[in-house]
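K.L.:
dropping a prediction and its sequence here:
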Amino acid sequence: MSVGEVDVLVGVPTYNNAKTIGQTVQAIRVGLLKYFPRERAVIVNADGGSKDTTREVVAAASINDLQRSSDLYSLRTLPCISTVYANSPATEVALRTTLAAAELLRAKACAIVSPESTNIAPDWIEHLLRPVYRDDFDLITPVYRRHKFDGLLLRNLIYPMTRALYAKRIREPYAVEFAFSGRFCSHLLEMQIWDQEAGGIGTEMRMSVTAIAGGFRLYQSFLGTKPHLDRTSADLVTAMRQTVGTLFWSLEPNFQYWSAKHETEAVPTSGSECDLSVEPIRVNRKRLYELFRSGVAELEPVLKSILSAQTLADVQTIAKLPEDNFKYPHELWVKTAYEFAASYYKSVISRDHIIQALAPLYRGKVFTFLMENRDASANDVEANVEALCVTFERLKPYLLDLWNARE
């Protein structure tokens, strides 16, 4: 209430991020003061009950009559507000808390920044907020410079399938940095999505799908290099719940939209839409191959309830191929993904078990991607991804046939 109304708001969800939050908030502060010097701004920290000094570090970044920065010139005060929403972290609650704060403060443009973005630069704030504040866009998603073997789930399933079904070439539909307009914020708060089956996971993915299906204006901003992170098997299943599970869940309420014929449209983008680095990096390909083969064998009873007899037979056939000759073809992979999506819709077994059963098959596809692109240039990798996207688009009627088929 003491802040009043603002023009721009930057939200930072945290949980025990004292080691990195200082650097992140400092970059946000510099970005706001440099690129929005005359606008009323606020930084809102939605904290999940941190036990360290995270909240104190955020609060100390405020600029007011009593706390002036010695190294930054400010035309206005810059409040940094920290609030605890729970005793444990929950992404969807943190986001909803920030949305509620943005609506209360009547913010015209809002951005969310991860506290772990240690490579954040002040110009990120301009790239995220300017298209909303100055150009009237509603949802800004990032584009990063990635290593060719980073973002594998994104490039082998999430981006191609989202693009094929929702007809928008949005490269990062699930992002930890993004921005949105006040009107889209109000739309999200009015929607009854927070307490439903998938309301507790994949909130960032849900925002992207909601913006597309709702006809809101999309934009992509290039933010620079995305650090390569190694993920464990446990992280893979969690990531698939948040992304694949959310994408599958979105198909039922948005059936009228994605089932209609749409020509795939590009999304306005600043900077490069696809920027890949190709420096050498070690990847345990053999482990992926072994997990695929063992998963196909061990999960046969489960896969029988999810896949068609022909698709399962084809998957079992490639599982017998020696490592040097192994390949999970695009068309078989797309049919696999679409059959999983249809089975998820029909709840042939527990929906969470369906997502878990997809993990070993995905590893087989990733193994193929790594083998095909071992010595590939950035252009070759992008051509491979584009070919997969085209296959998803071409086989979209296959999903519709599965969707409309009787049990």
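P.N.:
Sure thing, it's come through. Numbers count the residues shown, from 1 in each chain.

K.L.:
can you show me the strands along the protein?
P.N.:
8-14, 41-47, 80-84, 109-112, 139-147, 178-181, 218-225, 269-270, 275-277 (DSSP state E).

K.L.:
in TSV: those, plus mean neighbour count, mean pLDDT and distance to T118.
P.N.:
No exception for glycine: its C-beta is placed from N, CA and C like everyone else's. Shown next, in TSV, are the strands of the chain (neighbours: other C-beta atoms under 10 Å; pLDDT from 0 to 100; distance: least, C-beta to C-beta, whole Å):
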stretch	mean neighbour count	mean pLDDT	distance to T118
strand 8-14	26	96	13
strand 41-47	26	95	17
strand 80-84	18	91	19
strand 109-112	27	98	16
strand 139-147	22	93	14
strand 178-181	26	98	18
strand 218-225	20	94	11
strand 269-270	16	94	23
strand 275-277	18	80	18
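
K.L.:
ok, Y219 to E382 distance?
P.N.:
According to C-beta to C-beta, to the nearest Å, Y219 stands 21 Å off from E382.

K.L.:
re the thing from before, for L157, find the nearest of the strands of the chain.
P.N.:
The closest of those to L157 is strand 139-147. By C-beta to C-beta, the value is 15.6 Å.

K.L.:
so what's P115 up against?
P.N.:
Residues counted as contacts of P115 (C-beta atoms under 8 Å, 6 or more residues apart in numbering) are V12, P13, T14, N17, T20, I21, T24, T54.

K.L.:
residues touching stretch 121-134, excluding its own?
P.N.:
So stretch 121-134 is contacted by 7-8, 10, 27-28, 30-32, 34-36, 39, 108-111, 113, 117, 137-138, 140, 142, 177-181, 219, 221-224, 270 (C-beta under 8 Å, 6+ apart).

K.L.:
just for this structure, where's the confidence low?
P.N.:
Residues of the chain meeting the criterion pLDDT under 70: 1, 64-76, 192-201, 227-234, 280, 406-407.

K.L.:
how about a cut-off of 80?
P.N.:
Along the chain, segments meeting pLDDT under 80 span 1-3, 63-76, 192-201, 226-234, 272-275, 278-283, 406-407.

K.L.:
domain parsing for it?
P.N.:
8-277, 285-404 (automatic domain parsing).

K.L.:
could you identify which of these is most buried?
P.N.:
Mean neighbour count, computed with mean count of other C-beta atoms under 10 Å, is highest for domain 8-277 among those, reaching a mean of 19.

K.L.:
return the distance of E263 relative to R169.
P.N.:
Distance from E263 to R169, by C-beta to C-beta: 11 Å.

K.L.:
same thing with Y398?
P.N.:
Noted for Y398: a distance of 21 Å to R169, by C-beta to C-beta.

K.L.:
make TSV out of the strands of the chain and add distance to E190.
P.N.:
Shown next, in TSV, are the strands of the chain (distance: least, C-beta to C-beta, whole Å):
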stretch	distance to E190
strand 8-14	19
strand 41-47	20
strand 80-84	22
strand 109-112	16
strand 139-147	16
strand 178-181	14
strand 218-225	20
strand 269-270	29
strand 275-277	36
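
K.L.:
do you know which of those strands lies nearest A211?
P.N.:
Closest to A211 of the strands of the chain is strand 139-147 (C-beta to C-beta; 4.2 Å).

K.L.:
run the angle between that closest one and strand 218-225 for me.
P.N.:
Following axes from the mean of the first three to the mean of the last three C-alpha atoms, to 10 degrees, one obtains 30 degrees for the angle between strand 139-147 and strand 218-225.

K.L.:
which strands or helices does strand 139-147 pack on?
P.N.:
helix 123-133, strand 178-181, helix 203-213, strand 218-225, strand 275-277 (3 or more C-beta pairs under 8 Å, 6 or more residues apart in numbering; DSSP states H and E).

K.L.:
hang on, F180 packs against M207?
P.N.:
Yes. Shown here, F180 and M207 form a contact pair, counting by C-beta atoms under 8 Å, at 7.2 Å.
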